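Asker: Pasting the sequence and the predicted coordinates here, then a few questions.
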Number of protein chains: 2
Amino acid sequence: MAVFTSVSEAELTVWLNNYSLGQLLELQGIASGIENTNYFVTTSNGRFVLTLFEILNADELPFYLNLMAHLARHGIPCPNPVANRANQYLGTLKDKPAGIVSRLGGKSATSPTNAQCAAIGAMLGQTHIAGQSFSQIMPNPRGAAWRATTASLVRAFLNAEQLALLDSEVALHARQNFSPLPQGVIHADLFRDNVLMEDDRVGGLIDFYFACSDALLYDVAITVNDWCMNPDGTLDETKTQSFLRAYDAVRPLLASERDAWPLMLRLAALRFWLSRLYDQHLPRDGELIHAHDPRHFERILKNHIAAPQAVWL
Amino acid sequence: MAVFTSVSEAELTVWLNNYSLGQLLELQGIASGIENTNYFVTTSNGRFVLTLFEILNADELPFYLNLMAHLARHGIPCPNPVANRANQYLGTLKDKPAGIVSRLGGKSATSPTNAQCAAIGAMLGQTHIAGQSFSQIMPNPRGAAWRATTASLVRAFLNAEQLALLDSEVALHARQNFSPLPQGVIHADLFRDNVLMEDDRVGGLIDFYFACSDALLYDVAITVNDWCMNPDGTLDETKTQSFLRAYDAVRPLLASERDAWPLMLRLAALRFWLSRLYDQHLPRDGELIHAHDPRHFERILKNHIAAPQAVWL
């Protein structure tokens, strides 16, 4: 349930006086999402999504809102923040930082086709290119330091085999330096449920609140690890090829990125194994029901180690 | 016909490599419009309009593109310019300044209802408020100096009665000073054919290439003179009331603006009488077929003089 702070039509009507969005026609809470309060808002000007930020620091919000505005300005279908009369994206509603963004069409693809994998691959490439002219920097809050800290917190919940895997992977990636690879702003969480599809077309990329500055290839690996994955935790070769060819056609991968690909897939799997272990064993209040099974990414990680993947193009 | 410069799919495909808009799916010339070349462009990212600027000075284009971007950023449904990889709205195609903007839904209302007059009145009020935080200034190129010059050029084509009307009105408005009234950025040409309606909802405001900085009430008068006009050149009282009440609910009119209303309606009528006289008698090449009958605004002007309008609220 994702309405942590309830907003009445009367309260929103008053708040919308700060905007040029016309008359409020409909207000409807959104059930999905685990961090923020979200409402669908329809006004005489169109369809929007209202977000009350429950957890994120107000200092960090401009990065995400400016990034979405930047990408939308480049024609990437992502939520476009609406500025208020003071020309600001960020306001305050019910004592919470709050913003309103355009609402996009489409729905998540649970079993993506090859064509859909190609579409999201191409869109990720376009997003990376559009992001090159975005000037703000956000160091990845789930980088090496976070991995080390999180690993130390979840150790107590692991068996010996898992511990050995975790320790060796955390140590391996602590020694890696991917900074020579092309860097930029990345979505960092472009799972199927954060993409709205209209058939084979990407209707919208949503939920940019893990976006940060990192290696572009890391974003590719995170996305492929979800979109092109078989239920057994191995990559579907055809889907992966469709994805990577489409991405490469928009932003050609460098030789150095092809070399880094097997390790990057492992790093991407490790990151989500860690966060899911953490969410399962050390849940915040009320978050438990949303915890995903960490074993999914444990399997993926083991498979990536057992059979290192080449870049299929 | 509004394709003065033809663009092939192959040429556009190359040009779109400067953008993050995905793959070109469809390209279709737009027949309407008299100043620029316009194409509907569909890419894998969505629906857009490509414009090659045939007449406007490239120095002036950033004002219009930045204004549309500013209003869209505030949730006003207007064409949203797309930035290229260099983060610029304005590019060059076929040696012409060119830009690509989002495409809006809806169609023009030829016989607007009271509800539609209210919808556009409210939207104009919102646009004026959103424009208050736009920082660029564009003096009205069709102000007093233009009126005097244009009047001198069309005199030769008028009869004695028309001449007397023209001279007295130009002289009257040369003495007026509306600068104490609320000022801001105005559309200045928000006729029915520049608004896309979706039933009673404003789907889009288009064609901002007459936008400038002037009295907000002038924009109201220009718009009312088109949307709320009877065929005989008198205002429809119910439509005018619907429009003004909706506008006033968004941006309350000052007493000074109510006082200025009868003269502002005359000024707005004079401006279009003059430009239509000019277009009829001194057409540019190829423009003749688009010339509107100047007598329409001559009648409106005479009616406004004969029966000065109060603000109906």
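Answerer: Ah, there it is.
Asker: before we move on, which element is residue A:208 in?
Answerer: Counting by DSSP states H and E, no helix or strand carries residue A:208.
Asker: And residue A:310, by the same measure?
Answerer: Per DSSP H and E, there is no helix or strand for residue A:310.
Asker: what about stretch A:206-226, near chain B?
Answerer: No. Residues of stretch A:206-226 contacting chain B under Cβ under 8 Å from any Cβ of the partner chain: none, with a closest distance of 13.7 Å. (C-beta placed from N, C-alpha, C; glycine too.)
Asker: tell me the mean pLDDT over that stretch?
Answerer: The average pLDDT within stretch A:206-226 is 97.
Asker: now stretch A:119-134
Answerer: pLDDT averaged over stretch A:119-134 gives 98.
Asker: And for stretch A:256-274?
Answerer: Mean predicted confidence for stretch A:256-274 is 97.
Asker: One more: stretch A:13-30?
Answerer: 96.
Asker: Quick check: buried residues in that stretch?
Answerer: A:15-16, A:18-24, A:27, A:30 (16 or more other Cβ atoms under 10 Å in any protein chain shown).
Asker: The closest residue to residue A:131 other than its chain neighbours - how many residues pack around it?
Answerer: Closest residue to residue A:131 apart from its sequence neighbours, by Cβ to Cβ, 6 or more residues apart in numbering or on different chains: residue A:185 at 3.9 Å. Burial of residue A:185 is recorded as 27 neighbouring residues (other Cβ atoms under 10 Å in any protein chain shown).
Asker: Residue A:185 - that's part of a strand, no?
Answerer: Yes. Assigned with DSSP: H, G, I helix; E, B strand; the rest coil, residue A:185 falls within a strand.
Asker: Verify the stated contact: it with residue A:64.
Answerer: No. With contact defined as Cβ atoms under 8 Å, residue A:185 does not reach residue A:64; the gap is 10.4 Å.
Asker: list residues touching both of the two?
Answerer: Residues touching both residue A:185 and residue A:64 (Cβ atoms under 8 Å, 6 or more residues apart in numbering or on different chains): residue A:211.
Asker: got the residues of chain A near chain B?
Answerer: Applying Cβ under 8 Å from any Cβ, we find that chain A lies next to chain B at A:19-23, A:43-46, A:48, A:69, A:72-77, A:80-87, A:100, A:119, A:122-123, A:126-127, A:129-130, A:132-133, A:201-202.
Asker: PyMOL command for the buried members of these?
Answerer: To isolate the buried ones among the residues of chain A next to chain B in PyMOL, judged by 16+ other Cβ under 10 Å, type:
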select buried, chain A and resi 19+20+21+22+23+43+44+45+46+48+69+72+73+74+75+76+77+80+81+82+83+84+100+119+122+123+126+127+129+130+132+133+201+202
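Asker: can you tell me how far the residue nearest to residue A:131 sits from residue B:131?
Answerer: Distance of residue A:185 to residue B:131, computed by Cβ to Cβ, to the nearest Å: 31 Å.
Asker: would you say residue A:99 is within a strand?
Answerer: Yes. Using three-state DSSP, the assignment for residue A:99 is a strand.
Asker: give the contact list for it.
Answerer: Residue A:99 is in contact with A:50-51, A:53, A:61, A:65, A:81-82, A:89-91, counting by Cβ under 8 Å, 6+ apart.
Asker: between those, which is nearest chain B?
Answerer: Nearest to chain B, judged by Cβ to the nearest Cβ, of these is residue A:82 at 4.3 Å.
Asker: Excluding chain neighbours, what is closest to residue A:58?
Answerer: What sits nearest to residue A:58 in space, not counting adjacent residues and going by Cβ to Cβ, 6+ apart, is residue A:97, at 4.5 Å.
Asker: With residue A:170 instead?
Answerer: Nearest to residue A:170 is residue A:151, by Cβ to Cβ, 6+ apart, at 4.9 Å.
Asker: The closest residue to residue A:166 other than its chain neighbours: neighbour count?
Answerer: Nearest residue to residue A:166, sequence neighbours excluded (Cβ to Cβ, 6+ apart): residue A:151, at 5.6 Å. Using other Cβ under 10 Å, residue A:151 is surrounded by 21 other residues.
Asker: Please report how far residue A:151 lies from residue B:187.
Answerer: 59 Å.
Asker: gap between the most centrally placed residue in chain A and chain B?
Answerer: Nearest to the geometric centre of chain A sits residue A:189, at 2.3 Å (Cα atoms, centre = their mean). Counting by Cβ to the nearest Cβ, to the nearest Å, the gap from residue A:189 to chain B is 20 Å.
Asker: Repeat that for residue A:67.
Answerer: Distance of residue A:67 to chain B, given as Cβ to the nearest Cβ: 14 Å.
Asker: I'd say that residue and residue A:212 touch.
Answerer: No. Contact criterion Cβ under 8 Å: residue A:67 and residue A:212 do not qualify, at 9.6 Å.
Asker: Common neighbours of the two, please.
Answerer: The contact sets of residue A:67 and residue A:212 overlap at residue A:185 (Cβ under 8 Å, 6+ apart).
Asker: Just the terminal-to-terminal distance for stretch A:300-313.
Answerer: Using Cα to Cα, to the nearest Å, one end of stretch A:300-313 lies 21 Å from the other.
Asker: OK, contacts around residue A:11?
Answerer: Taking Cβ under 8 Å, 6+ apart, we find residue A:11 in contact with A:93-94.
Asker: Same question for it, what's its three-state structure.
Answerer: helix.
Asker: hmm, back to that, isn't the residue nearest to residue A:170 right next to residue A:168, touching?
Answerer: No. Using Cβ under 8 Å, residue A:151 makes no contact with residue A:168, being 11.0 Å away.
Asker: Can you say which two of the buried residues of stretch A:13-30 are spatially most distant?
Answerer: A:20 and A:30 (23.5 Å; Cβ to Cβ).
Asker: is it true that residue A:85 touches residue B:132?
Answerer: Yes. Using Cβ under 8 Å, residue A:85 is in contact with residue B:132, at 7.3 Å.
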